[in-house]
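1. Next comes the sequence, and after it the predicted model I'd like to discuss.
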Amino acid sequence: MNNKIYFLFLSCLIFLKCGSPLAETNIGNNIVAKIGPAVITSEEFLANYEFGFAHLKSVGNPKRNYLTAMINEKLLSLDGYEKNIHKQKSIQNKKANLTQDLLIEYLIQEEINNSILISENEIKDAINKSKVDFNLRYWNEQNLEMANRAHKNINEVGFKLFLENIISYNSNINLTSDQFETGYMSWLNLPPELMEKIRDLPINKVSLPILFGEKYWIFQVLDIRRAGVLESEYHSKSASFKKILFQNKLSAATTEYVSSLMTPKDVRTKSETFNILSEVVWAWLNDNSAKSKLFVEYLRESQSNSIVENEFNKPLITYINGEITVKEFVNSFDFSILRNDYRNKNAMKEKFNLEIAWFIRDDFLAKTALEKRIDQIPMFKRELELWVDKWIYEEMKNLYNPEELPLKLEKLTHHFPVTINKKVLESIEVTDSKKSKWLTVHNYKMGTNRMTIPIADGSWDIAYK
């Protein structure tokens, strides 16, 4: 390993966010309910309703039932604020993590989204290309050296015989040749960076190793199948293809934007310090008695602490005009993301190094967002507020059993008066088909385990209407 490890920021893509934040509203004209000082807007109600649990809107007056669940949650969260539940460490930690996510998300929206344009010709071209399917044979290796050896072997004996030899050598695990074929796939099913590499590859020609997803891939085009496009498809498929093209352009533009921010900073890790820290992390991951302990707890209680203490004030990461010490890093990095089964220590170190790169990238992006006052955008504040309300509600709900909760909610309505604007509620157009009344569809943001918006608790229909 070199004296310094260069971070591969160009390959560290920002995870794109599916769905949009809650729409900008004129809140004064769109309030569907007031709960003490809190409000529920028609846009917030609609977004919550459409992606909420179906059984909350399957009987009686669906919109009113669902709104009642949302109001109940607001009542409990308001009570929680008065009891300072929002100051709990667990909620503050969630808020800090979400704040960084939203800073990055809104920064990308502000800096990139509005500049992306999709022409009608691009949409037509994309629809045409979707009618071209490739059947690919493939192989992958963990590193470039192994991939180059495999590529040489494939060229010498042929891809088919290469795979047959692999299958024969591993007869105990029942491999078959079709496991190394993609089946027919168009550009819709292949990541753009892979499609760019193989789209001009002649049939039966073997590609050079291609780095993708932390592995090196070798492809061979077995067949190309083309179909015609009906004139009506240009109209019927236009909207969906426009969304796909937008996401692809957003991904590319985001990568370029991140690169433009990170490259001038010359971010590096100190290899000696990284190796020492990695040894301790590896020991923690393999210590059965430490499986339930956070890494910082393990350090405090184990002999490894003395090893790392000697490095605490040394820089782990350096960049133009700054550095991050081991101590600063250990106290801010989420080591739990490393709790996976790694085939060996080197595999863990590769993953750890990549996670550090993403950690630093996100830290700089969040700081850039603050410099650009992204945190002052009204919808940023509102989205963060809605999630904090949700977390407080969850804490408060756990204080009461099903028998106690209705009485508690009744008391809270006297403390926090509830007003419903029936006219606004009735004007909200929701999906109201037979299918929607039994089908629940949640909307998650890509790259996270977080829903696009907090939705009403699915247990409300049990006892609390």
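-> That came through, no problem. Remember, it's a predicted structure, so these values are computed and weren't measured experimentally.

2. From the structure, what's the count of residues near residue 287?
-> When neighbours are defined as other C-beta atoms under 10 Å, residue 287 has 13 of them. Any C-beta I mention is one placed from the backbone N, CA and C, and that applies to glycine too.

3. ok, it touching residue 298?
-> Yes - using C-beta atoms under 8 Å, residue 287 is in contact with residue 298, at 7.2 Å.

4. who's in contact with the closest residue in space to residue 313 that isn't next to it in sequence?
-> Residue nearest to residue 313 in three dimensions, not counting chain neighbours: residue 325, with 5.7 Å by C-beta to C-beta, 6 or more residues apart in numbering. For residue 325, the contacting residues are 312, 313, 314, 315, 316, by C-beta atoms under 8 Å, 6 or more residues apart in numbering.

5. And the pLDDT for the closest residue to the third one other than its chain neighbours?
-> The reference is to residue 314. Once flanking residues are discounted, residue 314 sits nearest to residue 273: 5.4 Å by C-beta to C-beta, 6+ apart. Per-residue confidence (pLDDT) for residue 273: 92.

6. Residue 273 looks like it's in a strand, true?
-> No - using DSSP: H, G, I helix; E, B strand; the rest coil, the assignment for residue 273 is helix, not a strand.

7. Show me the shaky parts of the protein.
-> Scanning the chain with the threshold set as pLDDT under 70 gives 1-29, 303-307, 432-449, 461-465.

8. Show me where it has its strands.
-> Taking DSSP state E as the test, the strands found in the chain are 4-6, 31-35, 38-41, 132-141, 181-185, 210-212, 215-226, 268-270, 315-319, 322-325, 418-420.

9. Can you give me the distance of the residue nearest to residue 313 to residue 221?
-> Distance of residue 325 to residue 221, given as C-beta to C-beta, to the nearest Å: 50 Å.

10. Just send the strands of the chain back as JSON lines, with distance to residue 96 too.
-> Formatted as JSON lines, the strands of the chain follow (distance: least, C-beta to C-beta, whole Å):
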{"stretch": "strand 4-6", "distance to residue 96": "28"}
{"stretch": "strand 31-35", "distance to residue 96": "27"}
{"stretch": "strand 38-41", "distance to residue 96": "23"}
{"stretch": "strand 132-141", "distance to residue 96": "37"}
{"stretch": "strand 181-185", "distance to residue 96": "41"}
{"stretch": "strand 210-212", "distance to residue 96": "33"}
{"stretch": "strand 215-226", "distance to residue 96": "33"}
{"stretch": "strand 268-270", "distance to residue 96": "24"}
{"stretch": "strand 315-319", "distance to residue 96": "20"}
{"stretch": "strand 322-325", "distance to residue 96": "17"}
{"stretch": "strand 418-420", "distance to residue 96": "32"}
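
11. Quick one: closest of the ones you listed to residue 254.
-> strand 210-212 (17.3 Å; C-beta to C-beta).

12. Quick check: neighbours of that closest one in the sheet, parallel or antiparallel?
-> strand 215-226 (antiparallel) (DSSP bridges).

13. burial measure for the nearest residue to residue 141 once chain neighbours are set aside, as a count.
-> For residue 141, ignoring the flanking residues on the chain, the nearest one in space by C-beta to C-beta, 6+ apart is residue 147 at 4.1 Å. By other C-beta under 10 Å, 21 other residues sit near residue 147.

14. Isn't residue 147 up against residue 206?
-> No - Residue 147 is not in contact with residue 206 according to C-beta under 8 Å; the separation is 11.8 Å.

15. burial count for residue 381?
-> Using other C-beta under 10 Å, residue 381 is surrounded by 12 other residues.

16. Kindly report the same for residue 430.
-> 13.

17. Return the longest helix in this structure, judged by number of residues.
-> In terms of residue count, the longest helix belonging to the chain (DSSP state H) is helix 345-371.

18. Identify each buried residue in that helix, please.
-> The neighbour-count check on helix 345-371 (16 or more other C-beta atoms under 10 Å) flags 348-349, 352-353, 355-366, 368-369 as buried.

19. Sketch out the helices for the stretch 151-300 of the chain, chain order is fine.
-> 159-169, 192-198, 231-236, 238-262, 271-285, 295-301 (DSSP state H, counting those that start in this stretch).

20. Can I get the second one in CSV, CA atoms only?
-> Extracted in CSV, the C-alpha atoms of helix 192-198 (Å, rounded to 0.1, in the frame of the first residue of the first chain):
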residue,chain,number,x,y,z
PRO,A,192,-25.8,3.3,-17.7
GLU,A,193,-22.1,2.9,-17.0
LEU,A,194,-22.2,-0.8,-18.0
MET,A,195,-24.4,-0.1,-21.0
GLU,A,196,-21.9,2.5,-22.2
LYS,A,197,-19.2,-0.2,-22.2
ILE,A,198,-21.0,-3.0,-23.9
